[in-house]
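1. Show me the folded form of this:
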Amino acid sequence: MAKKGEIIEVEIFDTADKNRCVGRLEDGITVFVEGPVAVGDTVRAKVTKIKKKFLQARLTEVVKFSDRRTEPRCKYFGICGGCKWQHFDYSEQLRVKRKQVLDALVHLGGFESPEVAECIPAKDLFGYRNKIDMDFTDQRYLTADEMDIPAEELDKPLDFALGFHAPGCFFKAIDIDHCDIATEEMNLAVETVRIFCRDRKLSIYSTFKPDGFLRNLVVRQGGATGELMVNLITSTHDAELMAELLAELKTAFGDKLTTFVNGICTRKNLVAFNEEEHVLCGEGFITDRLGKYSYQISPNSFFQTNTAQADVLYNEIIKQAAFQGSETVYDLFCGTGSIALFAAKYCGKILGIEWIESAVADAQKNAIEHGAENCTFRQMDLMHFGKIRDELEAFGLPDLVITDPPRAGMHPKAVKMLRELAPPIVIYVSCGPASLARDGQMLCEDGLYKLVSCQPVDMFPQTNHVESVARFQRCS
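-> A predicted model of the protein is given here:
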């Protein structure tokens, strides 16, 4: 039996959850290896934990590279928490993403031989995101090459970074010069804001104090429209300073800058959320387009982060729903109403439910703009069924429910509400296989529903994330 701290050599034969891969030692002990490993690699790894039936280890060296590998494009690969699969050949990414969904449904959800289709590939493998969300920090994450360099000789200051966090490191961030899955315009916006804030030595918010000015930077660009939003989130509003930054942005972009927003947040966390907004340029929102539909997107509003693949995903939702034309439909976690509007022409009427007020306002404007008279949007809390039941019954109980929850899935109370509504069909749109499996299991308790099919869609190339559309059918 290996000992903690020992270096072992093992061939990788499979993938596992939490972005790990799996090997097996000669004595039959399973090893879960963390790090940029691929199936088919032979690796050396340091044992970090010893369990009764398996070991956990961290990659130290790849002895033999798998033929399923490819050369990572990003210089931050291996330290950034984002594109963890750039070393996977794209066909391997698709295979493993389908496997993630299948494994979650079987092992976490308890579904027996679920029907999971091959993962639908993405058209664009880089530059596909329409939104990036970066944090400011006064503690820059150092790469291995920088560790032994004296502070005064470093190319960048130690007390400023604008970027993404390394895995498990929430108080430090990597100062990202360029993100390959964002557009060039988005990268230019980040660099413009970075130089402006760094050169002026603006204070940075810290959860340890907590005080400081700079908090987050969110940049959005319409995948179909090209419209550009810069949303700088700070603790307070400094009108003169923001006017100076606007001038810098206009120098960089000219008329290509659609809107610049200074969002204010006083919460004692690092979540990028505007409690109030100061619009310095434009109208405070951008539009994007899916098919023939245009959508208004405000800073706090949810919108699928890959516009081109969202079109693919939404068409898959329509396919799985198999509308007959007269259904009453609920769209839960509807955001700006993108799914509801896309589905409106296929059904009788549709109610979009969302708890973020600005998103509901955007959804209502989008419906009016498109003349979607059969779409209604309401701000409601799905966890308090008793308080909203009368309004739901007044609208009409659903024949079909589409639910597209956040990655964490639905709150158990929301799943309970869904079971009480008991529509004949539930279409669950998931960006987290584990939450799909968990919520699906709850939905199917006591034989109320059965899982009919599941279609994975690759919305996020180079990452371990996968979207899927699952159809559940009521059994009684």
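2. Check the secondary structure at the residue lying closest to Met229 once chain neighbours are set aside for me.
-> In space, not counting the residues next to it along the chain, Met229 is nearest to Arg220; the distance is 4.3 Å by Cβ to Cβ, 6 or more residues apart in numbering. Quick note: C-beta positions are derived from backbone N, CA and C, even for glycine. Of the three states, Arg220 takes strand according to DSSP: H, G, I helix; E, B strand; the rest coil.
3. same thing with the one 10 residues further on?
-> Remark: Val230 carries the secondary structure label strand [criterion: three-state DSSP].
4. same question, Asp103
-> Look at Asp103: counting by three-state DSSP, its state is helix.
5. Helix or strand: which one has Phe323?
-> When secondary structure is defined by DSSP states H and E, Phe323 falls outside every helix and strand.
6. give me the number of residues near it?
-> Using other Cβ atoms under 10 Å, Phe323 is surrounded by 17 other residues.
7. Can you verify my assumption that His178 contacts Leu188?
-> No: when contacts are counted by Cβ atoms under 8 Å, His178 is not listed as touching Leu188 (9.7 Å).
8. Neighbour count: the two, which is higher?
-> Remark: of His178 and Leu188, Leu188 carries more neighbours, 18 against 13, as counted by other Cβ under 10 Å.
9. any weak-confidence spans in the stretch 151-300 of the chain?
-> Scanning the stretch 151-300 of the chain for pLDDT under 70 picks out nothing.
10. strands paired with the lengthiest strand in the chain, and their directions?
-> Longest strand in the chain by number of residues (criterion: DSSP state E): strand 54-64. Using DSSP bridges, the strands paired with strand 54-64 in its sheet are strand 30-34 (parallel), strand 42-50 (antiparallel).
11. And the contacts of the last one?
-> If you take Cβ atoms under 8 Å, 6 or more residues apart in numbering as the criterion, strand 42-50 is touched by 1-12, 23, 31, 33-35, 37, 55-64.
12. Got a ChimeraX select line for the buried ones in the residues you listed?
-> Here the buried members of those are turned into a ChimeraX selection, burial being counted by 16 or more other Cβ atoms under 10 Å:
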select :2,8,10,11,12,23,31,33,34,35,37,55,56,57,59,62
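13. correct me, but Val260 touches Leu249?
-> Careful, residue 260 is Phe; it's not Val. Yes: under the criterion of Cβ under 8 Å, Phe260 is in contact with Leu249, at a separation of 5.9 Å.
14. any shared contact partners between those two?
-> The contact sets of Phe260 and Leu249 overlap at 230, 281 (Cβ under 8 Å, 6+ apart).
15. that older thread, was I right to think the residue nearest to Met229 contacts Ile297?
-> Yes: if you go by Cβ under 8 Å, Arg220 and Ile297 touch, sitting 6.6 Å apart.
16. Give me the common contacts of these two.
-> Taking Cβ under 8 Å, 6+ apart as the contact criterion, the residues that touch both Arg220 and Ile297 are 229, 286, 303.
17. Can you give me the neighbour number for Asn277?
-> If you look again at residue 277, you'll see it is Glu, not Asn. The burial count for Glu277: 18, using other Cβ under 10 Å.
18. Report the secondary structure state of it.
-> Counting by three-state DSSP, the three-state call for Glu277 is strand.
19. Strands of the stretch 201-350 of the chain, residue ranges please.
-> If you assign secondary structure with DSSP state E, counting those that start in this stretch, the strands in the stretch 201-350 of the chain sit at 214-221, 228-234, 257-264, 276-281, 286-290, 293-297, 328-332, 349-354.
20. so which of the ones you listed gets nearest Val401?
-> When the strands of the stretch 201-350 of the chain are ranked by proximity to Val401, the top entry is strand 328-332, at 4.6 Å, counting by Cβ to Cβ.
21. That closest one packs against which elements?
-> Packing partners of strand 328-332 (3 or more Cβ pairs under 8 Å, 6 or more residues apart in numbering; DSSP states H and E): helix 338-343, strand 349-354, strand 400-403, helix 412-421.
22. what's the most buried one of these?
-> Mean neighbour count, computed with mean count of other Cβ atoms under 10 Å, is highest for helix 338-343 among the helices and strands packed on strand 328-332, reaching a mean of 26.
23. got the contact list for that helix?
-> Taking Cβ under 8 Å, 6+ apart as the criterion, the residues outside helix 338-343 that touch it are 290-291, 293, 295, 303-304, 310, 314, 317-318, 321, 323, 329, 331, 334, 350, 352, 363, 366-367, 370, 372, 375, 377, 402, 404, 429.
24. Over to stretch 377-395?
-> Stretch 377-395 has contacts (Cβ under 8 Å, 6+ apart) with 328, 330, 332-334, 337, 340, 349, 351-357, 360, 363-364, 367, 376, 410-411, 413-414, 416-417, 420-421.
25. same thing but 7 Å
-> 332, 334, 337, 351-355, 357, 360, 363-364, 367, 376, 411, 413-414, 417, 420 (Cβ atoms under 7 Å, 6 or more residues apart in numbering).
26. now swap in stretch 311-330 and tell me
-> 120, 290-291, 304, 339, 342-343, 346-351, 353, 396-402, 425, 427, 429, 453, 455, 457, 459, 467, 469, 471.
27. For it, give the distance from the opening residue to the closing one.
-> For stretch 311-330, the first and last residues are 20 Å from each other (Cα to Cα, to the nearest Å).
28. Give the rounded mean pLDDT of that stretch.
-> What stretch 311-330 shows for mean pLDDT is 96.
29. next one: that stretch to chain centre, how far?
-> On the basis of Cα atoms, centre = their mean, to the nearest Å, stretch 311-330 sits 23 Å off its chain's mean C-alpha point.
30. Could you do stretch 353-367 as well?
-> The mean C-alpha position of stretch 353-367 is separated from the chain mean by 20 Å, Cα atoms, centre = their mean.
31. Show me the helices in the stretch 51-200 of the chain, by range?
-> With DSSP state H, counting those that start in this stretch applied, the stretch 51-200 of the chain shows helices at 90-103, 184-199, listed in chain order.
32. other SSEs contacting the first one?
-> Using 3 or more Cβ pairs under 7 Å, 6 or more residues apart in numbering; DSSP states H and E as the contact criterion, the elements in contact with helix 90-103 are strand 449-457.
33. Parallel or antiparallel, which strands does the helix or strand that the strand it packs on is followed by pair with?
-> Later in the chain than strand 449-457, the nearest helix or strand by DSSP H and E is strand 467-474. Its sheet considered, strand 467-474 pairs with strand 425-430 (antiparallel), strand 449-457 (antiparallel) by DSSP bridges.
34. Thank you, goodbye.
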